[in-house]
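Enquirer: generate a structure from the sequence data that follows.
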Amino acid sequence: MALLTLPFQIVVGLAVVALLPALERWGWGFWFSLNSVRINTITAIVVSFVVVIVTQRRLLRHPGVQILAYVVPTVTSAFLFAIAVLFFSREGYSRQVLFSGYLLTLGWCFVGYFVGIRYRRIKLAIVPVGNAGVLLDNNTSASEIRELTKPDLQGVRYDGIVADLRSNELTPEWERFLAECTLNHIPVYHVKQISESVTGRVQIEHLAENEIGSLLPSMAYSIFKRICDFFAVLLTFPITLPIMALTAIAVKLDSPGPVLFIQNRVGQGNKTYKIYKFRSMCLDSEKDGARLAQSEDIRVTKVGKFIRKTRLDELPQFFNVIKGEMSLIGPRPEQRAFVEKFEDEIPFYIYRHVVKPGITGWAQVVQGYASDADDTRIKIQHDFYYIKNFSLWLDILIVFKTLKTIFTGFGAK
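Expert: Numbering: from 1, shown residues only. I've put the predicted structure just below:
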């Protein structure tokens, strides 16, 4: 377990990824003549490495994360950002040392994963009363969940105990057992808390007053995110605008009708705004009224199938982001007709409008598009998980998952 601690990863890791390349390039005693090039290079490696380690540890807190899949993206993104800062600030640096630091960071992360994989599987004990047993159906490779038969751990070491703390079936014997576990520094969790971490969904049938508070997103991060959205869109325009132009030509040549599909959607604060998309369906596809997209929907054109699968149809929403009506990441906006329908069928549905809608979101990368009320109920639970865990780290995870979605076409209809 010690191999996975943050101090070990930072201290020993930095000695490997920053010190070794410097020694190889500049020799022993290089620290006695630290010029600007050496300082800039070592600083870039140190900062990038720390960002990588902290980011990966944060990503692991969310369900369904196989950190092995994110080693290359996180390491590459951190070092590219460091290079961009050095390049635009016109600061000198050693490409050889920086590249060696990049390769060693990749190696350190891969070795750390395979060395520590035996310690990463969490072992939880379930108290068999109330709703705690539902976790047995959601058991994943990242955790080992065992059901207790009596108030005794029988000498087995567990990372935590899970119980339905609100159940009337919790007997005095079980309550005493849970108190003893706490006294022995074994964490005791409420089933709902663990269920959210395993499924990536927040149950919304009943919300206590303290849970409403926990679903209030950070205002400071909302402002920071708005700034990041604005500049991210502007910086990517040299790439996205030519792609938009080619997509517009393909849509126009494929079928009659306008290039853009403009429709009223419900945004933050339950306010209506106009969303922009490339048209992926035939003309007058909703002449008989609004309805959710289905798998193999006959209304979708040939080009429409491709741009929906690759999410190219969403690119015009960058202008919605510039206008402040949307964010790059957030719950997907729905039509007013669907909103009014789901408000009657799904408890607390309207609360998803507490944040800006997004071009991509947690529900999209985990579940895909919803095609009926039952799918939408699950989708809302994913949206509530996003709102409750509203943070930079979850947004970074969604970005990585979105890139995977673009290449695999997951969830397209």
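Enquirer: from here on, contacts and neighbour counts on C-alpha atoms
Expert: OK.
Enquirer: and residue 116, what pLDDT?
Expert: Per-residue confidence (pLDDT) for residue 116: 66.
Enquirer: can you check residue 321 too?
Expert: pLDDT, residue 321: 96.
Enquirer: ok, it - contacts?
Expert: Residue 321 makes contact with 229, 230, 233, 327, 328, according to Cα atoms under 8 Å, 6 or more residues apart in numbering.
Enquirer: which SSE is it in?
Expert: Using DSSP states H and E, residue 321 falls within helix 317-322.
Enquirer: where's residue 280 relative to residue 263, distance?
Expert: Separation of residue 280 from residue 263 (Cα to Cα, to the nearest Å) stands at 13 Å.
Enquirer: the two: which is more packed in?
Expert: For residue 280 versus residue 263, neighbours defined as other Cα atoms under 10 Å are more numerous around residue 280 (25 against 13).
Enquirer: burial count for the nearest residue to the more buried one once chain neighbours are set aside?
Expert: Of all residues not flanking residue 280 in the chain, residue 304 sits nearest, at 3.7 Å (Cα to Cα, 6 or more residues apart in numbering). Neighbour count for residue 304, taken as other Cα under 10 Å: 25.
Enquirer: now for the helix or strand that contains residue 304, which elements pack on it?
Expert: Assessed by DSSP H and E, residue 304 sits inside helix 302-309. The contact analysis (3 or more Cα pairs under 8 Å, 6 or more residues apart in numbering; DSSP states H and E) places helix 302-309 against helix 219-254.
Enquirer: ok, 10 Å please
Expert: If you count contacts as 3 or more Cα pairs under 10 Å, 6 or more residues apart in numbering; DSSP states H and E, helix 302-309 packs onto helix 219-254, strand 272-278, helix 392-408.
Enquirer: dump the contacts of residue 321 into TSV; add neighbour count, pLDDT and distance to residue 190 as well.
Expert: Conversion of the contacts of residue 321 to TSV gives the following (neighbours: other Cα atoms under 10 Å; pLDDT from 0 to 100; distance: Cα to Cα, whole Å):
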residue	neighbour count	pLDDT	distance to residue 190
229	19	95	36
230	18	95	39
233	16	95	41
327	27	95	33
328	25	95	33
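Enquirer: and the two most separated of those?
Expert: Greatest spatial distance among these (Cα to Cα): 233 and 327, at 10.1 Å.
Enquirer: if I look at the two, which residues touch both of them?
Expert: 318, 321 (Cα atoms under 10 Å, 6 or more residues apart in numbering).
Enquirer: what bridges to residue 327?
Expert: Per DSSP bridges, the residues bridged to residue 327 are residue 358.
Enquirer: for it, list the residues it contacts.
Expert: 222, 225-226, 228-230, 317-318, 320-321, 355-361.
Enquirer: hmm, which of those residues are the buried ones?
Expert: The neighbour count (16 or more other Cα atoms under 10 Å) marks 222, 225-226, 229-230, 317-318, 320-321, 355-361 as buried among the contacts of residue 327.
Enquirer: which stretches of the chain have low pLDDT?
Expert: 1-5, 64, 116-121, 133, 136-143, 204-215, 284-298, 369-373, 408-413 (pLDDT under 70).
Enquirer: those strands in it, which residues are they?
Expert: For the chain, strands defined by DSSP state E occupy the ranges 122-126, 143-147, 160-163, 188-190, 260-266, 272-278, 327-329, 358-360.
Enquirer: on that earlier part again, out of the helices and strands packed on helix 302-309, deepest packed?
Expert: Stretch with highest mean neighbour count among those: strand 272-278 (a mean of 19; mean count of other Cα atoms under 10 Å).
Enquirer: surely residue 195 and residue 132 touch.
Expert: Yes. Using Cα atoms under 10 Å, residue 195 is in contact with residue 132, at 9.0 Å.
Enquirer: any common contacting residues for those two?
Expert: Contacts common to residue 195 and residue 132, judged by Cα under 10 Å, 6+ apart, are residue 162.
Enquirer: how far away is residue 277 from residue 32?
Expert: Counting by Cα to Cα - residue 277 and residue 32 are separated by 59 Å.
Enquirer: should've said residue 94
Expert: 17 Å.
Enquirer: more neighbours: which of those two?
Expert: Using other Cα under 10 Å, the more surrounded residue of residue 94 and residue 32 is residue 94, with 16 against 7.
Enquirer: just give the closest residue to the more buried one, not the sequence neighbours.
Expert: residue 41 is the one closest to residue 94 (Cα to Cα, 6+ apart), at 6.0 Å.
Enquirer: burial count for that neighbour?
Expert: 25.
Enquirer: do I have it right that it meets residue 22?
Expert: Yes. Because the distance of 9.0 Å satisfies Cα under 10 Å, residue 41 is recorded as touching residue 22.
Enquirer: so what sits against both of these two?
Expert: Common neighbours of residue 41 and residue 22 (Cα under 10 Å, 6+ apart) are 94, 96, 97, 98, 101.
Enquirer: what is the nearest of these to residue 83?
Expert: Of all the shared contacts of residue 41 and residue 22, residue 83 sits closest to residue 98, with 8.8 Å by Cα to Cα.
Enquirer: count of neighbours near the closest one?
Expert: Residue 98: 24 neighbours (other Cα under 10 Å).
Enquirer: can I assume it is in contact with residue 45?
Expert: Yes. Contact criterion Cα under 10 Å: residue 98 and residue 45 qualify, at 6.5 Å.
Enquirer: which neighbours do the two share?
Expert: 17, 18, 21, 79, 82, 83.
Enquirer: okay, now the last one: neighbour count?
Expert: In this case it means residue 83. Counted with other Cα under 10 Å, the neighbours of residue 83 add up to 20.
Enquirer: ok, residue 190 - contacts?
Expert: Applying Cα under 10 Å, 6+ apart, we find residue 190 in contact with 132, 161, 162, 163, 164, 165, 166.
Enquirer: if you set the cut-off to 6 Å instead, what comes out?
Expert: Contacts for residue 190 (Cα atoms under 6 Å, 6 or more residues apart in numbering) come out as 162, 163, 164, 165.
Enquirer: which ones are touching the last one?
Expert: Okay, so that is residue 165. Per Cα under 6 Å, 6+ apart, neighbours of residue 165: residue 190.
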